[in-house]
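J.: coordinates only, sequence not included:
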């Protein structure tokens with residue numbers, strides 16, 4: 001599981017929130033201290049939990065009072081007891097990292113309707129990964145919901161001619177897909193909901209936020225099944241207070257965080273018995289079954305107040321049995337799907353992300369050289385600085401890793417390392433990259449990624465440029481490190497930065513608007529050395545006449 005474990009002091013916010021409710025009424029909380037609640041939860045940790053006992057308010061209270069009708073009947077917290085606190089939560093910035101089929105989408109659009117009815121907003125926007133998804137949601141979920149609740153919702157809705165727009169008490173309630181930014185640049189809003197955030201185009205939230213440029217509120221709510229660690233909803237969740245639903249043991253009274261028991265090999269909170277029973281088991285006394293309804297929300301990072309986060313797992317669903325989850329965990333051929341959709345946890349196959357450990361294992365005893373007789377290959381990635389990796393073939397290893405600020409420094413490196421071929425990132429400073437290549441004709445080439453290019457890189461000797469498929473080339477440079485076919489200089493600051501940047505790129509399956517799928521590499525943090533290494537491998541391949549383009553070099 002990603003994120004920290006339970007800290008020494010953990011605050012449980014019970015059935016309310018110490019803030020003003022959406023209707024403007026103050027929630028009065030009664031504090032009660034429970035000593036040794038998390039005794040032995042971590043080794044030798046004795047924690048104190050502050051319980052704020054308060055009836056649910058806000059969206060949940062409204063839905064109960066109005067007897068809101070959903071597709072499966074009248075709104076209720078029965079078998080969804082873990083939702084009581086989230087429904088009463090009025091925090092303006094919320095993140096929900098969720099498993100499938102736990103009611104989060106229902107909570108999301110009820111919260112939007114509630115705010116449309118009672119908050120002084122000018123507009124609300126509900127975003128989906130695709131235009132098709134937003135239209136389907138509006139027709140299949142929203143329209144029937146309005147029709148089923150004529151008194152509590154329907155009478156406040158003004159009809160429009162657009163499936164992507166509802167009017168509620170004079171406010172715009174907008175539904176949009178995010179594959180195109182066209183619909184994200186006009187009407188002002190105060191609240192944005194991001195549904196299935198991990199499937200959104202990179203950086204789309206920054207575009208959407210422009211719609212809240214003049215808002216006094218700027219509410220944001222993110223929900224998604226996680227995909228890979230440190231990406232999308234998982235990365236956002238790490239910045240929150242990280243609330244988990246902990247179950248109370250009826251025998252010893254201690255609390256178990258179900259997700260903390262999950263490892264690559266087992267789910268420790270699920271016990272199997274010889275008589276066929278499969279149950280959730282207390283992680284402390286190991287002697288009592290747990291009731292998914294008997295729990296508390298606990299913040300692993302209670303000091304974080306700016307961002308509110310909830311983790312949801314089918315481990316505490318009352319519609320999916322522990323036996324079903326354990327069977328899927330052990331037998332599924334799609335391990336990532338089990339982690340993402342059943343456990344609500346981010347997951348990536350080891351072969352799709354380089355670890356710091358496997359990269360640093362490649363370090364040798366030679367230092368980060370300042371010169372080499374060559375012949376060498378070289379890669380340059382542009383960012384705030386110029387990240388450079390230089391290697392040689394015999395033996396195959398990197399001899400220099402460094403960051404530079406001036407393009408003139410690159411000329412010196414070409415000379416000092418006997419560089420025979422260099423590939424340089426063409427963007428963003430295209431003019432400087434082009435001038436660098438022109439100063440070293442036949443040696444330096446600027447690279448342009450082309451997603452349609454296949455079967456290797458295309459070298460244009462006359463223009464001093466190379467075209468390569470981004471995913472295909474990153475596959476090749478990834479594999480060289482994964483298979484330990486290249487060495488690194490002795491471990492130091494630059495080498496550790498190189499390892500981190502390589503670790504910060506992962507391979508992820510993405511679905512396009514037309515439903516087709518493809519693998520792509522996504523950025524999880526600083527990654528300049530990773531791309532510098534990729535360009536260096538293109539140069540290396542040319543030097544040895546690999547599948548990335550035959551070369552006349554000898």
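T.: Nice, thanks for sending it over. Owing to the predicted nature of the structure, the values given are computational and were not obtained by experimental measurement. Numbers count the residues shown, from 1 in each chain.
J.: what's the offset of the lengthiest helix in the chain from the middle of its chain?
T.: Longest helix in the chain, counting residues (DSSP state H): helix 528-544. Taking CA atoms, centre = their mean, to the nearest Å, one finds helix 528-544 lying 28 Å from the centre of the chain it belongs to.
J.: Same question for that helix: list its buried residues.
T.: 528-543 (16 or more other CB atoms under 10 Å). C-beta coordinates here come from the backbone N, C-alpha and C atoms, glycine included.
J.: Against which helices or strands is it packed?
T.: Judged by 3 or more CB pairs under 8 Å, 6 or more residues apart in numbering; DSSP states H and E, helix 528-544 is in contact with strand 376-382, strand 386-392, strand 397-404, strand 419-425, strand 444-449, helix 470-482, helix 493-503.
J.: Against residue 208, how distant is the closest residue in space to residue 280 that isn't next to it in sequence?
T.: Nearest residue to residue 280, sequence neighbours excluded (CB to CB, 6 or more residues apart in numbering): residue 290, at 4.1 Å. Distance, residue 290 to residue 208, by CB to CB, to the nearest Å: 40 Å.
J.: Could you check which of these two is surrounded by more residues?
T.: Using other CB atoms under 10 Å, the more surrounded residue of residue 290 and residue 208 is residue 290, with 26 against 22.
J.: okay, that one: pLDDT?
T.: Note on residue 290: pLDDT of 97.
J.: same question, residue 159
T.: In this model, residue 159 carries a pLDDT of 71.
J.: do the same with residue 455
T.: The predicted local confidence for residue 455 is 75.
J.: What's the local residue count around it?
T.: Counted with other CB under 10 Å, residue 455 comes out at 10.
J.: a helix runs through it, doesn't it?
T.: No. Looking at residue 455 with DSSP: H, G, I helix; E, B strand; the rest coil, it is coil, so not inside a helix.
J.: Distance check, it against residue 388.
T.: On the measure of CB to CB, residue 455 and residue 388 end up 28 Å apart.
J.: Give me the nearest residue to residue 371, chain neighbours excluded.
T.: residue 416 (4.5 Å).
J.: Equivalent analysis for residue 116, please.
T.: residue 168 (3.9 Å).
J.: Show the pLDDT at the one you found.
T.: Reported pLDDT for residue 168: 90.
J.: Does it touch residue 115 like I think?
T.: No. Taking contacts as CB atoms under 8 Å, residue 168 lies outside contact range of residue 115: 9.3 Å.
J.: looking at this, residue 246 is in a helix?
T.: No. Using three-state DSSP, the assignment for residue 246 is strand, not a helix.
J.: quick one: contacts for the residue most central in space within the chain?
T.: Using CA atoms, centre = their mean, the residue of the chain that lies closest to the mean C-alpha position is residue 232, 2.2 Å off. Contacts for residue 232 were tallied using CB atoms under 8 Å, 6 or more residues apart in numbering; they are 197-198, 200, 224, 226.
J.: Check the gap between it and residue 195 for me.
T.: In terms of CB to CB, residue 232 sits 13 Å off from residue 195.
J.: just residue 152 next, same as before
T.: For residue 152 relative to residue 195 (CB to CB), the value is 23 Å.
J.: Comparing these two, which shows the higher neighbour count?
T.: Of the pair residue 152 and residue 195, residue 195 is the one with more neighbours under other CB under 10 Å, namely 23 against 18.
J.: Name the next helix or strand downstream of the lowest-mean-pLDDT helix or strand in the chain, please.
T.: Lowest by mean pLDDT, DSSP states H and E among the helices and strands of the chain is strand 48-53, with a mean of 30. For strand 48-53, the following helix or strand on the C-terminal side (DSSP states H and E) is helix 58-65.
J.: Could you list the buried residues of that next one?
T.: Applying 16+ other CB under 10 Å to helix 58-65 flags 58-63 as buried.
J.: Do you have the strands of the stretch 51-200 of the chain handy? List them.
T.: 69-70, 73-74, 93-97, 123-128, 157-158, 165-168, 171-177, 191-195 (DSSP state E, counting those that start in this stretch).
J.: Please name every helix or strand in contact with the first one.
T.: So that's strand 69-70. helix 143-148.
J.: From the chain's centroid, how far away is the helix it packs on?
T.: That offset, for helix 143-148, works out to 32 Å (CA atoms, centre = their mean).
J.: For that helix, could you pull out the residues that count as buried?
T.: 145-146.
J.: Contacts for it, please.
T.: 69-71, 109, 153-154, 157, 166.
J.: and what of stretch 469-478?
T.: 354, 449-454, 456-457, 505, 507, 518-521, 533-534, 536-538, 541, 548.
J.: so residue 177 touches residue 125, yeah?
T.: No. With contact defined as CB under 8 Å, residue 177 does not reach residue 125; the gap is 11.5 Å.
J.: Which residue of the two possesses the greater neighbour count?
T.: residue 125 (24 against 21).
J.: what number of residues lie near residue 348?
T.: 19.
J.: Next one: it relative to residue 326, how far apart?
T.: Taken as CB to CB, the span from residue 348 to residue 326 is 22 Å.
J.: next one: residue 148
T.: 37 Å.
J.: just residue 387 next, same as before
T.: Taking CB to CB, one finds residue 387 at 45 Å from residue 326.
J.: So for the two, which sits in the more crowded spot?
T.: A count of neighbours by other CB under 10 Å puts residue 387 above the other of residue 387 and residue 326, at 28 against 16.
J.: Which positions within the one helix or strand residue 520 maps to qualify as buried?
T.: Secondary structure assignment for residue 520, by DSSP H and E: strand 517-523. The neighbour-count check on strand 517-523 (16+ other CB under 10 Å) flags 521-522 as buried.
J.: same deal with stretch 463-470?
T.: So for stretch 463-470, counting by 16+ other CB under 10 Å, buried means 464-470.
J.: Now do that stretch: distance from first to last residue.
T.: With CA to CA, to the nearest Å as the measure, the ends of stretch 463-470 fall 20 Å from one another.
J.: Repeat that for stretch 462-469.
T.: Note: stretch 462-469 ends 20 Å apart using CA to CA.
J.: roughly how far apart are the residue nearest to residue 205 when sequence neighbours are not counted and residue 58?
T.: Nearest residue to residue 205, sequence neighbours excluded (CB to CB, 6+ apart): residue 194, at 6.6 Å. For residue 194, the distance to residue 58 (CB to CB) stands at 20 Å.
J.: go on, residue 388?
T.: Distance from residue 388 to residue 58, by CB to CB: 54 Å.
J.: Could you do residue 297 as well?
T.: 15 Å.
J.: Helices of the stretch 301-450 of the chain, residue ranges please.
T.: Assigned helices in the stretch 301-450 of the chain, in chain order: 322-331, 335-337, 356-360, 407-416, 430-439 (criterion: DSSP state H, counting those that start in this stretch).
J.: From the contacts of helix 143-148, pick the one nearest residue 396.
T.: residue 109 (55.7 Å; CB to CB).
J.: Enumerate every residue touching the closest one.
T.: 126, 141-142, 145, 193.
J.: repeat for residue 544
T.: residue 393.
J.: for residue 202, same thing?
T.: Residue 202 neighbours (CB under 8 Å, 6+ apart): 522-523.
J.: three-state assignment of it?
T.: coil.
J.: so how far is residue 533 from it?
T.: The spacing between residue 202 and residue 533, counted by CB to CB, is 21 Å.
J.: rewinding a little: mind checking which of the buried residues of stretch 463-470 are in helices?
T.: residue 470.
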